[in-house]
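Engineer: sequence and computational prediction follow.
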Amino acid sequence: MSESVRSYVQAPALLCAAEITLVIPSYQRPYVWPSEDVVTLLEQIMEACDTGLPHYYIGTVLTSVVASRDSSSAHTVYEVIDGQQRMTTLMLLAFALTEVVPNTELSNFIVWNKRPRLTFAIRDEVQRLFAAWAGLSSEEGRNGTSETDEAYIKHLAAARKALSDRLGVLLRLRSDAYLAEVAEYLYSKVRWVNNIMPPGMDLNRLFSTMNNSGVQLEHSDILKARLLAVIGAQKHRYDAIWQACENMGDFFERNLRKVFPGADWKSLKQDDLAKHCAKTFPLTRSTARDVQGLTIAQLAKLSVLDSDKPEALQEAKHNCRPIISFGLLLMHAHRIYLHQQRQDDVEVRLHDSRLNDYFADFIDQATEKHAKAFIECLWTVRYQFDLWVVKWLPEADSQASNLRLTNVNRSRLDDGWRLVRAKLESSDLSQLQSVRNFTGERSAQYWLTPFLGALVAGEAKTQAQVLKLLERIDNQLSLAEESQKEASFALLNGDEVAMRSIESVIEELEEPSGTRFEHYWFQKLEYILWRERDRFGTYDAVKLATYRITSKNSVEHVHPQREEFGVELARDHLDSFGNLVLLSPGENSSYSNQRVGKKREDFKGKPRYDSLKLAHIFSGETDMEWDMPAIARHQTQMLALIKKHYETAGA
């Protein structure tokens, strides 16, 4: 028997054809993927299907073959050593899609020989849940669940519900035929590399090797090498600019200070950083040697990072976490560069996994002048990105991070004057950016192209001007009849965008669509309620001060679908926009099927607001009836606020 690692490209269809099943061993940690990441993977697979990609890779899996007691059986069992989060998520996607489009080949992936294809060693309750979702048993009657199983079940159920809600919206917006195409794409085109470990592998040594492996070659490294290859004069300078822009885990002025230490940092002001200037940012010889770019061949050989290498090469400390990757920032910067050059948009959709596909034509045709101009454009875009776009910042004395804006001031420190960042409290601008970040095509964040483009062009400089700019962009993108990619580039160019009317949106929101409502409109309403907070006398000032628009993907019925005392409500009112709020899965489960009065008590007892819409619903007296007239009044009021915002803020 071979003692080497065997590698195979696999897909759900191959597992079915080869009668392969998977088992998650008992030593694996519980399933932990956030619901929003699970939904993001679904949307990325749909995007790959829409664009006709020949396949979509979800990464690498490490497995070992479980010895079979029946030597005559063709059935193979793989124990998943690494990659259980992805494989479990893939099965959740199959469950959710098969539920809405059952008559596809994907249903074969779920079950093998009348049991789930993916099983969990020892975790009986988790196994029972998967069997129920596969239609093999009832989900009722869970008893004696262990703490570890509960952790599994909590995240699995939240992810499953988030997928079901998202597919419910898609079923209304598209068709079951479209979802059947997505299911078939997942079955045959979604792939991974399965590295099968030889028998007797020392798992402790394997995990140690995995955790201390070398530097991964990024797509942006390859792109940089190709761009620098066409630059003759000042190669070191443009390499340095790239390095200052690519470290997204720190703020731009800090990156510049490290890369250009020879600049007069004691006198530089924030505005001096807006554009690249060789005189302002001299490049010393030592710095030039430190930041010299590697060739593609050299990058390919960079496999192990020795612990005794210079500290500058060690992993950078992260002072902030951006809402997009550096690869995606490069794409937005290139679109702005194309606008400046009066050129058309690239056809490739924005996604950081397609970075080099996106830049293929530019690299083939770029001269030294083009490469330099693009990298200088990247500088201006990164400057505006750090100045006006929210980032994940840690909260004081807490493990949590929130999306916050910052401002920059000159401050005297022990080593002289320095530009210092300070967190800003929640504002209209940060809350609206949170809406954009948590809704729509999150893998692309198309709103950033016209937003950053206008900032680079100097169209908005004050907080009020920038907010007005973003409100206009957000309104137009939310009503655009063409794709977000097309609409965003049209807005960048100042062209007219074909839009539906806000009246047509209001008519849709008046229909009792239940969990099929687009989540965007709940989040947009949260922003409008925040924006107009001074008009209402119903908010608690302390709770309002800590309110943030956060990631939410679970639609909650205020009057529950199955009320604990059996009080029923007509479906037209039960599933109406007025009776619904958008919450996180955890917030949703905390209310469950309790009567409205009990939910109101729980809501008012919480230290912060789950939802401003819910704050309005529960703003009355404790004994206030939440009946059909009350639901209708609330819906009328909320839809009127949405309509007025679009009429006054502009679209």
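Structural biologist: All right, it came through fine.
Engineer: contacts and neighbour counts: CA atoms only from here.
Structural biologist: Fine.
Engineer: list the helices and strands the helix or strand encompassing His616 packs on?
Structural biologist: Per DSSP states H and E: His616 is located in helix 612-617. In this structure, helix 612-617 makes packing contacts with helix 519-531, judged by 3 or more C-alpha pairs under 8 Å, 6 or more residues apart in numbering; DSSP states H and E.
Engineer: if we go to 10 Å?
Structural biologist: Counting contacts by 3 or more C-alpha pairs under 10 Å, 6 or more residues apart in numbering; DSSP states H and E, the secondary-structure elements packed against helix 612-617 are helix 519-531, strand 580-583, helix 596-605, helix 628-649.
Engineer: on contacts alone, who are the packing partners of the second one?
Structural biologist: Right, the one you point to is strand 580-583. If contacts are counted by 3+ C-alpha pairs under 10 Å, 6+ apart, strand 580-583 sits against helix 519-531, strand 554-557, helix 585-591, helix 612-617.
Engineer: these into TSV, with extra columns for mean pLDDT?
Structural biologist: Formatted as TSV, the entries for the helices and strands packed on strand 580-583 read as follows, by pLDDT from 0 to 100:
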stretch	mean pLDDT
helix 519-531	97
strand 554-557	91
helix 585-591	72
helix 612-617	94
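Engineer: most packed of these?
Structural biologist: Comparing these by mean neighbour count (mean count of other C-alpha atoms under 10 Å), strand 554-557 ranks first with a mean of 24.
Engineer: ok, residues contacting it?
Structural biologist: The contact list for strand 554-557, computed with C-alpha atoms under 10 Å, 6 or more residues apart in numbering, reads 35, 158-159, 161-166, 514-519, 522, 574-589, 591-593, 596.
Engineer: what's the PyMOL line that selects buried ones from the residues you listed?
Structural biologist: Burial among the contacts of strand 554-557 is assessed by 16 or more other C-alpha atoms under 10 Å; the matching PyMOL selection reads:
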select buried, resi 35+158+159+161+162+163+164+165+166+514+515+516+517+518+519+522+574+575+576+577+578+579+580+581+582+583+584+585+587+588+591+592+593+596
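Engineer: where does pLDDT dip in the stretch 501-650 of the chain?
Structural biologist: Within the stretch 501-650 of the chain, the ranges that satisfy pLDDT under 70 run 564-565, 588-590, 620-624, 650.
Engineer: 80 instead, please
Structural biologist: Within the stretch 501-650 of the chain, the ranges that satisfy pLDDT under 80 run 563-567, 585-593, 620-624, 649-650.
Engineer: Serialize the helices and strands packed on strand 580-583 to JSON lines and add fields for distance to Lys461.
Structural biologist: As requested, the helices and strands packed on strand 580-583 are arranged in JSON lines below (distance: least, C-alpha to C-alpha, whole Å):
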{"stretch": "helix 519-531", "distance to Lys461": "20"}
{"stretch": "strand 554-557", "distance to Lys461": "37"}
{"stretch": "helix 585-591", "distance to Lys461": "38"}
{"stretch": "helix 612-617", "distance to Lys461": "30"}
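Engineer: three-state assignment of the spatially most central residue of the chain?
Structural biologist: Here the mean C-alpha position of the chain is nearest to the C-alpha of Arg442 (C-alpha atoms, centre = their mean), at a distance of 5.0 Å. Secondary structure of Arg442, reduced to three states by DSSP: H, G, I helix; E, B strand; the rest coil: coil.
Engineer: break this structure into its domains for me.
Structural biologist: The chain resolves into domains spanning 6-211, 505-649 when parsed by automatic domain parsing.
Engineer: what comes up buried for the longest helix along the chain?
Structural biologist: In terms of residue count, the longest helix belonging to the chain (DSSP state H) is helix 147-173. Going by neighbour count (16+ other C-alpha under 10 Å), the buried part of helix 147-173 is 149, 151-156, 158-171.
Engineer: low-confidence stretches in the stretch 201-350 of the chain?
Structural biologist: For the stretch 201-350 of the chain, residues meeting the criterion pLDDT under 80 lie at 201-219, 221-222, 225, 284-318.
Engineer: can you pull out the helices in it?
Structural biologist: In the stretch 201-350 of the chain, the helices defined using DSSP state H, counting those that start in this stretch lie at 203-211, 219-229, 235-246, 252-259, 285-290, 296-301, 326-340.
Engineer: cool, the stretch 51-200 of the chain as well?
Structural biologist: In the stretch 51-200 of the chain, the helices defined using DSSP H, counting those that start in this stretch lie at 84-100, 106-110, 124-133, 147-173, 176-189.
Engineer: need these in TSV (columns: distance to Lys468).
Structural biologist: Rendered in TSV, the data for the helices of the stretch 51-200 of the chain read as follows (distance: least, C-alpha to C-alpha, whole Å):
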stretch	distance to Lys468
helix 84-100	39
helix 106-110	47
helix 124-133	47
helix 147-173	30
helix 176-189	37
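Engineer: wait, which of those is closest to Cys277?
Structural biologist: Proximity to Cys277 (C-alpha to C-alpha) singles out helix 84-100 among these, at 45.6 Å.
Engineer: mind checking how far the closest one is from the chain centre?
Structural biologist: Averaged C-alpha coordinates place helix 84-100 at 18 Å from its chain's average position (C-alpha atoms, centre = their mean, to the nearest Å).
Engineer: can you check stretch 458-478 too?
Structural biologist: With C-alpha atoms, centre = their mean as the basis, the distance from the averaged C-alpha position of stretch 458-478 to the chain average is 22 Å.
Engineer: and what of stretch 228-241?
Structural biologist: Distance of stretch 228-241 from its chain centroid, counting by C-alpha atoms, centre = their mean, is 33 Å.
Engineer: all set now, cheers.
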